[in-house]
Every structure is written in structure tokens, then in C-alpha cells.
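> Got a predicted structure plus its sequence, pasted below:
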Amino acid sequence: MSTMRILIPDAIFPGEATIEQSVCPPGVEIDLRRGTTPADIPDDVWRSCTAIVIWQVMDLRAETIAKLDNCRIIARAGVGFDGIDLAAAAQKGIPVCNCPDYGTTDVADHAIALYLALSRGILAYVPKPFDLLQLEHLVSLAVSTRTDTSRPA
């Protein structure tokens with residue numbers, strides 16, 4: 001039985017692909033790379049992969065898709081098909097799919113949080129410059145302003 005190779009050329013997550021590998025049946029190999037351009041991936045890797053799961057870091061243009069001798073599918077790990085030459089993939093007979101519901105609740109939550117931050121003036125309490133490492137300070141500020149009865153809500 002030949003090995004199926006799934007190439008992740010532009011992984012954005014830390015560590016190894018342990019979750020991905022754990023759901024693959026025997027005979028499937030995950031080839032994890034952290035490239036930013038197709039040139040970061042050797043041509044023999046492009047030629048030998050059976051499938052590609054691509055994030056948003058790298059574009060797959062016609063020149064790269066032409067190297068995909070064994071690829072049977074390209075999956076975009078996210079919404080849309082930005083950065084993938086759909087016509088070149090179709091010409092090679094490689095279907096392209098995506099995850100249309102990826103992050104939809106996160107985007108909605110983020111939009112509401114931004115609206116609340118602006119409408120309630122929360123940004124006035126954020127130390128400048130903003131530092132994510134000061135999250136504990138921000139949480140304590142939020143709690144103290146909510147429990148301070150001398151301030152209007």
C-alpha cells in the first residue's frame with residue numbers, strides 16, 4: 001500500500017501536527033512545513049504530495065500548481081479561496097475546497113466586542129501602548145470599574 005502524503009506548507013500553529021495525524025488512518029503521512037512562499041518548499045515535496053491543506057500565509061499560483069503531479073485535492077484551512085489559482089487547479093483536474101464556516105462565531109464575537117469597546121469607552125482604560133501581556137491588569141480594571149458604585153455604569 002502506498003503512503004498518502006498530506007502537505008501543510010504554511011502551518012501557522014505551534015508544534016507538530018499531532019491532532020491531524022491522530023485522525024488519519026494508517027498509511028497517511030502529514031508533511032508539516034512553515035513556509036511563507038512556495039520557494040520555501042522543495043520541488044520534490046510539491047511533486048510527491050497527495051493532498052494539500054493550506055492556510056493563509058502562502059499563495060498557490062499556476063507555477064506551483066503545475067508541479068503538483070500527484071495531488072488529488074487542495075483544501076483551504078479557512079474561508080474563501082484567496083491566494084489559490086482556481087483556474088490552474090481546474091486545468092490540472094485538482095478540486096479545491098474550503099471551510100466556509102471557519103471562525104464565523106469568533107468573527108461575530110470580535111465584532112460585538114469592538115462595538116462594545118467603542119460604545120462604552122473601554123479603550124480609555126487601556127494603558128498605552130497596548131500590551132497583551134497586561135491582560136490581567138485590564139481584567140482587574142474592568143472588575144474594579146463595575147464594582148465602583150461611585151461611577152455610573
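Nice, thanks for sending it over.

> Quick check: the closest residue to Ala62 other than its chain neighbours vs Val96, distance?
Once flanking residues are discounted, Ala62 sits nearest to Ala88: 3.8 Å by C-beta to C-beta, 6 or more residues apart in numbering. C-beta: built from backbone N, CA, C; applies to glycine. Using C-beta to C-beta, to the nearest Å, Ala88 is found at 10 Å from Val96.

> circling back to that earlier point, quick one: the residue nearest to Ala62 is in a helix?
Yes. With DSSP: H, G, I helix; E, B strand; the rest coil as the criterion, Ala88 is assigned to a helix.

> By mean pLDDT, flag the weakest helix or strand of this structure.
helix 135-147 (a mean of 52; mean pLDDT, DSSP states H and E).

> Just confirm Leu86 contacts Pro95, I think it does.
No. Between Leu86 and Pro95 there is no contact under C-beta atoms under 8 Å: 10.0 Å.

> pLDDT averaged over stretch 92-99, what's the number?
Stretch 92-99 shows a mean pLDDT of 96.

> Tell me the gap between it and the middle of its chain.
Relative to its parent chain, stretch 92-99 has a centroid offset of 17 Å by C-alpha atoms, centre = their mean, to the nearest Å.

> tell me which residues in it are buried?
Using 16 or more other C-beta atoms under 10 Å as the test for burial, stretch 92-99 gives 92, 94, 96, 98.

> show me what contacts the first one?
Right, Lys92. For Lys92, the contacting residues are 65-66, 68, 71, by C-beta atoms under 8 Å, 6 or more residues apart in numbering.

> Same check on Ala66?
Contacts for Ala66 (C-beta under 8 Å, 6+ apart) come out as 88, 92.

> Can you give me the distance of the nearest residue to Cys97 once chain neighbours are set aside to Arg61?
Ranked by C-beta to C-beta, 6+ apart and with sequence neighbours excluded, the top spatial neighbour of Cys97 is Ala75, at 5.3 Å. Ala75 is 17 Å from Arg61, where distance means C-beta to C-beta.

> Thanks a lot, catch you later.
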